[in-house]
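S.K.: Generate coordinates for the sequence data below:
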Amino acid sequence: MHVVFAAGGTAGHLEPALNTADALVRLSPGTSVSFIGGSRGLEADLVPQRGYPLVQTGAVPFPRRIGRNALTFPMDTFASVRAASAHLRSARAAVVVGFGGYAAVPGYLAARRTRTPLIIHEANSRAGFANRLGASITSHVGAVHGGVLAHSRHMGLPLRSSIANLNRGKLRGEARKHWGLAEEQPVVLIFGGSQGARHLNDVSAASIAAITAAGIQVLHSVGSRNEVPRHRPGYAPVAYIERMDLAYAAADLVVCRSGAMTCAELTAVGLPGIYVPLPIGNGEQAGNSQPIVNAGGGLQQADEYLTSEWLTSTVLSVVQDESRLVAMSSAAYALGERKADQQFAEWIVDVARLREG
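M.R.: Presented below is the predicted three-dimensional model:
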């Protein structure tokens with residue numbers, strides 16, 4: 001059986017696809033996997049690093065304005081679909097699995113063109129163009145949030161096993177030592193995700209002194225494109241966090257954006273979050289974290305209203321109230337879905353067998 005994943009562009013689209021591919025190979029060792037993606041996104045690095053072949057179709061985003069890109073878009077798309085179709089035929093693909101983003105569109109259209117079963121997964125509270133298109137040509141649609149796409153079934157977001165199976169308490173000492181933090185003092189983890197971290201960084205920087213003066217340590221991922229501040233007692237700034245499992249194990253509270261992967265990971269490990277949704281797109285980030293807030297597993301503040309005074313007082317009020325912190329952690333953990341990768345892999349095998357039957 002050969003399964004083709006259509007994903008690319010951002011880590012939010014690629015990571016769950018790669019996690020599902022890993023689970024599929026564990027479940028069915030004879031299965032082969034390949035990826036169809038674009039030529040502009042992270043797939044050129046992330047897919048080969050995980051050991052999977054990548055077919056780059058040259059997919060381009062839908063043009064937002066009149067110009068050269070708008071004129072060449074139809075031909076570029078046609079060429080991308082033709083390349084994707086050729087790969088599906090040569091690989092004798094049993095199923096195409098897509099996670100959205102412009103880079104997935106050629107795979108979706110190629111699946112329809114070659115009559116290959118297509119499975120769509122939507123992680124956000126509002127679907128983008130690619131998955132709305134995909135959902136219109138297949139009956140196999142999964143979504144984290146109910147009502148996002150027609151005829152969808154609930155399917156959690158596939159996570160890395162190091163996150164899904166994380167025992168924070170067991171790793172706490174090792175994790176804090178890894179980041180140069182004291183084991184006995186509470187830790188707040190701050191990170192902005194792959195985009196939109198500037199305002200969050202600026203507000204956080206203005207809050208660090210007051211937070212650390214209260215005996216609370218801060219682990220701060222400032223982003224690889226930004227200058228890393230000076231490390232000082234109680235404050236550990238880094239450019240990028242590769243070991244998110246250790247970062248989560250070290251933390252008691254997280255200040256972050258509301259990307260679908262971030263929300264899924266924090267609930268899986270039972271970490272309360274202060275969510276500041278990215279104020280662009282179609283509002284999907286606010287919808288991603290709202291169910292967590294409604295359940296008592298986090299707090300949410302609009303980016304435009306985020307100030308250092310609000311952030312400082314909120315962090316102190318949560319971290320210094322142990323019973324509140326424990327209750328929020330339990331509420332977040334209750335929402336976590338830690339076996340979505342296995343469940344999705346089983347679904348893929350079922351669809352493939354249905355086609356064979």
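
S.K.: okay, and for the stretch 151-300 of the chain, where does confidence drop off?
M.R.: Applying pLDDT under 70 to the stretch 151-300 of the chain flags residues 193-196.

S.K.: Tell me which stretches of it form helices.
M.R.: 161-164, 168-178, 198-213, 244-250, 260-269, 284-294 (DSSP state H, counting those that start in this stretch).

S.K.: between those, which gets nearest to Tyr235?
M.R.: Closest to Tyr235 of the helices of the stretch 151-300 of the chain, according to CB to CB: helix 198-213, at 5.6 Å. Using the backbone N, CA and C atoms, a C-beta is placed for each residue, glycine as well.

S.K.: Let's verify Arg353: helix, strand, or coil?
M.R.: At Arg353 the chain is in helix, as set by DSSP: H, G, I helix; E, B strand; the rest coil.

S.K.: Could I get the average pLDDT for the host helix or strand of Tyr108?
M.R.: Element membership for Tyr108, per DSSP states H and E: helix 105-114. The pLDDT scores in helix 105-114 average 96.

S.K.: How about stretch 306-321?
M.R.: 98.

S.K.: And for stretch 344-357?
M.R.: Stretch 344-357 comes out at a mean pLDDT of 90.

S.K.: Does Val222 touch Pro229 like I think?
M.R.: Yes. Using CB atoms under 8 Å, Val222 is in contact with Pro229, at 7.0 Å.

S.K.: Which residue is the nearest non-sequential neighbour of the residue positioned nearest the centre of the chain?
M.R.: Nearest to the mean C-alpha position of the chain, by CA atoms, centre = their mean, lies Met261 at 2.6 Å. Nearest in space to Met261, with sequence neighbours left out and distances taken as CB to CB, 6 or more residues apart in numbering, is Gly12 at 5.5 Å.

S.K.: now that neighbour, what's its secondary structure?
M.R.: helix.

S.K.: which ones are touching it?
M.R.: Gly12 makes contacts with 123, 194, 259-261, as judged by CB atoms under 8 Å, 6 or more residues apart in numbering.

S.K.: how about 7 Å then?
M.R.: Residues in contact with Gly12 (CB atoms under 7 Å, 6 or more residues apart in numbering) are 259-261.

S.K.: ok, of the residues you listed, which one's closest to Asn167?
M.R.: Closest to Asn167, out of all of those and judged by CB to CB, is Met261, at 20.3 Å.
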